[in-house]
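A.B. asks: test case, fold it:
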Amino acid sequence: MIRLVLAWVVALAVAGLLFAAPALRRRFPIHWWYAFGFPLVAVRVWRSWRPLAIERGLTITRRPSRVLLGDLIVRGQPLRPIPPRIGIPRPRAGGLSVAVRMHPGQTPDAFADASGALAHAWRVHAVRVASTARGSVRLTALATDPLNDVPTPGKLDRSVSLMVAPVGRREDGQPWVIDFRTAPHWLIVGATRTGKSTLMAALVTALAPQPVALVGIDCKGGMEQSLFSPRLSALATSRQEASRLLGALMDETQQRMRVCRFARVRSVWELPAGKRPTPVVVLVDEVAELFLVASRAEKDEAAQVATALVRLAQLGAALAVHLVVAGQRVGSDLGPGATALRAQLAGRVCHRVSDPGTAEMALGDLNPDAVDAAQAITTDEPGVAILSGVDGSWMRARSVHVSPKEAQRVAREHAAMTPDMPALAAAVAGWDPGTRS
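C.D. replies: Model prediction:
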C-alpha cells in the first residue's frame, strides 16, 4: 500500500513538473535549463555520439579496411569503428560544453564540418567548435540564440577601462566590446540597413563618457555623424575637408612621435598619465566616397586621402590614434589604396552582405570559415555580425540598438568631455588656427 501511494506521489510530481515546465521556461529560462534542458541534451549527447561519429567519418578502426589476398586487394568496411573519446558534458548558462579527444591525424575542421549534424541530433540552436589544446576540441552547444536578447544601451556595463567600448553581446553570452588596445583599428562592412550605423552609434555612445577625442569623416554631407557633433572635436563632410583633416592628424602623429622620442619610449601609453596625449578615434563612414573619382583632380585628392589613412593605420597604434572605417565595400575595386588600408585594419566586423565577394573581402584573409558564417546571416537578424579578431578566431555578435534620439542625447550630455583640438577644427574649416582672433 505504501509503495502504491509513493508511486502515485511520484507520478503526480512528475506530471506537475511537466505541466509547469513551459511556464517555468518562459519566466525563468536559466533555471529551466539547469533543471530540465541540460539533462535532456546531455543524454542526447551521450546516446548519439557514436552513431554521429560513424556517420560523419570521425572514427578510426584498429583493423585495415583493405586486405591483401594473394595478388588481389579486397576493400572492406572497417569492422570496429572507434569514435573520438568524449568527455562529460558540463552545463553553462543557456548551453553546455564537452571536450573531445581527437584521434591522431584529425583536425578541428572535421568537427566544424559536422557541427550542423550535431546541432540537429542534439536539438539545440547551434554547436560551435573551438580548439583549446593540442589534440582536443571543445564542442559548445547553444540551447537558444543568445543574440535574441541583447541588453538595452542603459544596461551595458560602462565600468570598463580606457579605450574599451561595450557595444552589444556575443553569441557565447559575453559582452561584445571593441578594445582599441588589443585591435587598434577596425573595419565594419555590410549592406544597407544591416546595422553599420547602429554599431557606430553604439560605439560613440560607449566612448562619449571617456576622455577620448572623437573625429568624424562623413562624406554624405554629415547626415549620419552630425548627430554626434556636440561630442566631436572635428567633422569633415566632404573629401576635400577630409583630406585637410587627415593632413592635420598626420601632423598630430608626428608631434606625438617627437614626444615619444624625447621621452625615449616606444608608445604614448608608456608616458606618465599627466604627459600622455589624448587618444583620438577617427570614425570614417562610407569610406567608398573617399575613393570614388570622376576626374583627374579628384583622383589626386583620393590618392592623398588613401595615403594618409594608410599612414595613420601604420603609425597610429603606438600613438593613440585609431581608425574605425565603415562601408559597404572596401576592396580592390576602389583602388590599391583601399586594399592597403584594409590590410592594416586588424579588427573586422561583417554584417549581412549583398554578395559573397564582400564577405570574402572583409574576412577571407583572416578566417575562411567566417566568410560562410557571414553569408548565413539573414534579413531577419538586423545588427547581427561576424567578428574576427587579430588571432583569426571568429564569433557571431549583435550590437545594441541606439536610436538617433538616444545618440543625440548622449552626445549633448557628454559635450563637456570633448577635447579642444583647434588644429583639427581649423583644418576642416580651411584656415590657420594661428590667425584666429
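A.B. asks: spell out the secondary structure type for the residue most central in space within the chain.
C.D. replies: Ranked by distance to the mean C-alpha position of the chain (Cα atoms, centre = their mean), the top residue is Leu387 at 2.4 Å. What DSSP: H, G, I helix; E, B strand; the rest coil gives for Leu387 is strand.
A.B. asks: in this structure it contacts Met395, no?
C.D. replies: Yes: assessed by Cβ atoms under 8 Å, Leu387 is found in contact with Met395 at 5.2 Å. All C-beta spots, glycine's among them, are computed from the backbone N, C-alpha and C.
A.B. asks: got any residues that touch both of these two?
C.D. replies: Counting by Cβ atoms under 8 Å, 6 or more residues apart in numbering, the common neighbours of Leu387 and Met395 are Arg170.
A.B. asks: in contact with the residue nearest to the centre of the chain, which residues are there?
C.D. replies: Residues in contact with Leu387 (Cβ under 8 Å, 6+ apart) are Arg170, Trp176, Gly347, Arg348, Val349, Trp394, Met395, Arg396, Ala397.
A.B. asks: including secondary structure, could those residues go into a markdown table?
C.D. replies: As requested, those are exported to a markdown table (three-state DSSP):
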| residue | secondary structure |
| --- | --- |
| Arg170 | strand |
| Trp176 | strand |
| Gly347 | strand |
| Arg348 | strand |
| Val349 | strand |
| Trp394 | strand |
| Met395 | strand |
| Arg396 | strand |
| Ala397 | strand |
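A.B. asks: Gly168 pairs with what?
C.D. replies: For Gly168, the beta-bridge partners are Trp176, Ser399 (DSSP bridges).
A.B. asks: what count of nearby residues applies to it?
C.D. replies: Look at Gly168: counted by other Cβ atoms under 10 Å, it has 27 neighbours.
A.B. asks: then Glu270?
C.D. replies: 12.
A.B. asks: tell me which residues of whatever helix or strand Gln254 lives in come out buried.
C.D. replies: In this assignment (DSSP states H and E), Gln254 forms part of helix 239-263. Buried residues in helix 239-263, counted by 16 or more other Cβ atoms under 10 Å: 239, 241-246, 248-250, 252-253, 256, 260.
A.B. asks: adjacent strands (with direction) for the very next helix or strand once past it?
C.D. replies: Using DSSP H and E, the helix or strand that follows helix 239-263 in sequence is strand 280-285. Next to strand 280-285 in the sheet, as set by DSSP bridges, lie strand 213-218 (parallel), strand 321-327 (parallel).
A.B. asks: how about the very next helix or strand once past the last one: buried residues?
C.D. replies: By that I understand strand 321-327. Downstream of strand 321-327, the next assigned helix or strand under DSSP H and E is helix 336-344. For helix 336-344, the neighbour count (16+ other Cβ under 10 Å) marks Gly337, Ala338, Thr339, Leu341, Arg342, Gln344 as buried.
A.B. asks: and the fourth one, what does it touch?
C.D. replies: Right, Leu341. Contacts of Leu341 by Cβ under 8 Å, 6+ apart are Val287, Ala306, Leu309, Val310, Ala313, Val325, Val330.
A.B. asks: show me the contacts for the last one.
C.D. replies: With contacts defined as Cβ under 8 Å, 6+ apart, the neighbours of Val330 are Leu187, Val189, Val287, Ala288, Ala338, Leu341, Arg342, Met361, Ala362.
A.B. asks: including distance to Val129 and secondary structure, could the contacts of Leu341 go into TSV?
C.D. replies: Below are the contacts of Leu341 laid out as TSV (distance: Cβ to Cβ, whole Å; DSSP: H, G, I helix; E, B strand; the rest coil):
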residue	distance to Val129	secondary structure
Val287	33	coil
Ala306	38	helix
Leu309	36	helix
Val310	36	helix
Ala313	32	helix
Val325	30	strand
Val330	29	coil
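A.B. asks: of the residues you listed, which is the most crowded?
C.D. replies: Leu309 (30 neighbours).
A.B. asks: isn't it right up against Gly337?
C.D. replies: Yes: between Leu309 and Gly337 there is a contact at 7.4 Å, judged by Cβ under 8 Å.
A.B. asks: the closest residue to Gly94 other than its chain neighbours: neighbour count?
C.D. replies: Among residues not flanking Gly94 along the chain, Ala143 sits closest, at 5.4 Å (Cβ to Cβ, 6 or more residues apart in numbering). Residues within reach of Ala143, counting by other Cβ under 10 Å, total 22.
A.B. asks: so what does Ala143 look like in phi/psi?
C.D. replies: In terms of degrees, to the nearest 10, the main-chain angles of Ala143 are phi -70, psi -40.
A.B. asks: hmm, back to that, of the contacts of Leu387, just say which sits nearest to Thr61.
C.D. replies: Nearest to Thr61 out of those is Trp394 (Cβ to Cβ; 33.8 Å).
A.B. asks: any low-confidence regions in this structure?
C.D. replies: 1-29, 62-79, 153-159, 294, 331-332, 389-392, 432-437 (pLDDT under 70).
A.B. asks: please parse it into its domains.
C.D. replies: 20-144, 147-435 (automatic domain parsing).
A.B. asks: what's the most buried one of these?
C.D. replies: domain 147-435 (a mean of 19; mean count of other Cβ atoms under 10 Å).
A.B. asks: chain center to that domain, what's the gap?
C.D. replies: Distance of domain 147-435 from its chain centroid, counting by Cα atoms, centre = their mean, to the nearest Å, is 14 Å.
A.B. asks: give me the nearest residue to Pro91, chain neighbours excluded.
C.D. replies: Phe38 (4.5 Å).
A.B. asks: His31 and Gly37: what is the separation?
C.D. replies: 10 Å (Cβ to Cβ, to the nearest Å).
A.B. asks: apologies, that question was intended for Cys260.
C.D. replies: Taken as Cβ to Cβ, the span from Cys260 to Gly37 is 54 Å.
A.B. asks: thinking Ser115 is in contact with Trp122, fair?
C.D. replies: No: judged on Cβ under 8 Å, Ser115 makes no contact with Trp122 at a distance of 10.5 Å.
A.B. asks: and the closest residue in space to Ala318 that isn't next to it in sequence, what is it in contact with?
C.D. replies: For Ala318, ignoring the flanking residues on the chain, the nearest one in space by Cβ to Cβ, 6+ apart is Ser267 at 4.3 Å. Contact analysis of Ser267 by Cβ under 8 Å, 6+ apart lists Cys260, Ala318, Leu319.
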